[in-house]
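Enquirer: Sharing a model prediction with you, sequence too.
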Amino acid sequence: TSYGFRDVQEGEKQGLVNDVFHKVAKRYDIMNDVMSAGLHRVWKNAMVAALNPRKDPGYKVLDVAGGTGDIAFRIIEASDRLAHATVLDINGSMLAVGAERAAKKELSDNVTFVEANAEELPFEDNSFDAYTIAFGIRNVPHIDVALKEAHRVLKRGGRLLVLEFSAVDMPLLDRFYDEWSFKAIPHFGRMITGDAEPYQYLVESIRKFPNQRDFAAMISKAGFSRVTFTNYTGGIAALHSGWKL
Ligand code: SAM
C-alpha cells in the first residue's frame, strides 16, 4: 500500500533522511519513546544482551547510524564501562546530542563520534570486534554497499548485529500496527516537529525494507556466515546476526 505518498528517488533519499534527523535531533530521544510506546528500549536492551560485549578495554565496537548514542551507551554499560564504542553517523546534529549525553553520563572516554557515511567507512580493514546498527540501515540508500563495508571493517570472528523494523507476522497486530504507523506517527511528528511529511517518508521506508528472510539473504551475500534472525514484538522489529569468519 502506498497511502498516496510519492515515491522517493534514490538520489533524493539521503537528502530527505538528513532533513528529518537535522530537524528532530534535539527531540529525537523523546520521539522514540512516543512513537514506539517505549518499546525501542526493550528491543535495544535485547540487542545488547545478544551481543554480550566482552568486559575488556580492548573490545572495540562500531555503532553505525548511531545517532544520539543509545546503542553505544548500552554496550559500554554492559561491558562494565570497559569497552570502546565508535558512534558513526552521517548527521552532525544527531552526533552533537550524543556527545552531550556521553558527557552527562561520564562516558566520554569510552566513546568516539565520527561523522561519516555507512557506505564509505573511514576505517581500516579488520578493525572492530562488533558492528551494530539500530534503526539505521533502512535509511541507507545502498544497503548492499553498507553491508560490504561492515564486513570489511570487522575483524575475523567479528559480529554483525542489525536491529530494524521488519515484517509483522501476527494477525490483528499487523492491522493495529498499520493504523499506528500510518496515522499516529505522522500525527505525532507534526505535533512535535511541526511537519508530518518526513515521518510519512520514514513509515514508507519501513514498508519498503526487505522482510526477515530476504534481508538475511542480503547479509549472507555480503560475506557473513551463520546468519540468523530473531523477531521482537511479533516482527515489528527484528534482530539479524552474522559473523565474519
Ligand atoms: N541508532 C540510533 C537509535 O537507535 O536510536 C539512531 C537511529 S535513527 C532512526 C537513524 C540514524 O541513521 C540517523 O541518526 C541518521 O542520521 C542516520 N543515517 C541515515 N543515513 C545514514 C548513512 N548513510 N550513514 C550513516 N548514518 C546514516
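Expert: Received, thanks. In this text the structure is predicted, and so the values were computed from the model without any measurement.
Enquirer: Every contact and neighbour count from this point should use C-alpha atoms.
Expert: OK.
Enquirer: State the distance from the most centrally placed residue in the chain to Glu124.
Expert: Nearest to the mean C-alpha position of the chain, counting by CA atoms, centre = their mean, stands Ala134 at 2.1 Å. Applying CA to CA, to the nearest Å, the value for Ala134 to Glu124 is 22 Å.
Enquirer: so where do the helices sit in this protein?
Expert: Counting by DSSP state H, one finds helices in the chain at the ranges 10-24, 28-35, 39-51, 70-78, 92-104, 143-153, 173-179, 185-193, 197-208, 212-221.
Enquirer: got the angle for the second one vs helix 92-104?
Expert: Between the axis of helix 28-35 and that of helix 92-104 there is an angle of 100 degrees, by axes from the mean of the first three to the mean of the last three CA atoms, to 10 degrees.
Enquirer: buried residues in helix 28-35?
Expert: The neighbour-count check on helix 28-35 (16 or more other CA atoms under 10 Å) flags Tyr28, Met31, Val34, Met35 as buried.
Enquirer: still on that earlier bit, isn't the residue nearest to the centre of the chain right up against Phe165?
Expert: No. The criterion here is CA atoms under 8 Å, and Ala134 misses it with Phe165 at 9.1 Å.
Enquirer: show me what contacts Ile76?
Expert: Going by CA atoms under 8 Å, 6 or more residues apart in numbering, Ile76 touches Leu82, Ala83, His84, Ala85, Asn110.
Enquirer: Mind picking the two most distant members of these?
Expert: Leu82 and Ala85 (9.8 Å; CA to CA).
Enquirer: What ranges in the protein fall below the confidence cut-off?
Expert: By pLDDT under 70, the low-scoring segments of the chain are 1-11.
Enquirer: and it, which of its residues are near the ligand?
Expert: Counting by CA under 6 Å from any ligand atom, the chain comes close to the ligand at 18, 21, 65-67, 70, 89-91, 94, 117-118, 134-136, 139-140.
Enquirer: switch the cut-off to 8 Å
Expert: Within the chain, the positions near the ligand by CA under 8 Å from any ligand atom are 14, 17-18, 21-22, 25, 28-29, 32, 40, 44, 63-71, 88-92, 94-95, 115-119, 133-137, 139-141.
Enquirer: Would you list the buried entries among these?
Expert: Among these, those classed as buried by 16+ other CA under 10 Å are 14, 17-18, 21, 25, 28, 40, 44, 63-71, 88-92, 94-95, 115-119, 133-137, 139-141.
Enquirer: quick revisit: relative to Gly58, which of the helices of the chain is closest?
Expert: Gly58 lies closest to helix 70-78 among those, at 12.1 Å (CA to CA).
Enquirer: Distance from the closest one to the middle of the chain?
Expert: In this view, helix 70-78 has its centroid 14 Å away from the chain centroid, taken as CA atoms, centre = their mean, to the nearest Å.
Enquirer: same question, stretch 152-163
Expert: 15 Å.
Enquirer: Pull out the CA atoms of that stretch and give them to me as PDB.
Expert: In PDB, the C-alpha atoms belonging to stretch 152-163 read as follows (Å, rounded to 0.1, in the frame of the first residue of the first chain):
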ATOM      1  CA  ARG A 152      35.400  -5.200   5.600                       C
ATOM      2  CA  VAL A 153      36.000  -3.300   8.900                       C
ATOM      3  CA  LEU A 154      35.200  -6.200  11.100                       C
ATOM      4  CA  LYS A 155      38.000  -8.500  12.500                       C
ATOM      5  CA  ARG A 156      37.800 -12.200  11.700                       C
ATOM      6  CA  GLY A 157      35.500 -13.600  14.300                       C
ATOM      7  CA  GLY A 158      33.700 -10.300  14.500                       C
ATOM      8  CA  ARG A 159      29.900 -10.000  14.900                       C
ATOM      9  CA  LEU A 160      27.300  -8.100  12.900                       C
ATOM     10  CA  LEU A 161      24.000  -7.100  14.600                       C
ATOM     11  CA  VAL A 162      21.300  -5.300  12.800                       C
ATOM     12  CA  LEU A 163      18.200  -4.100  14.600                       C
END
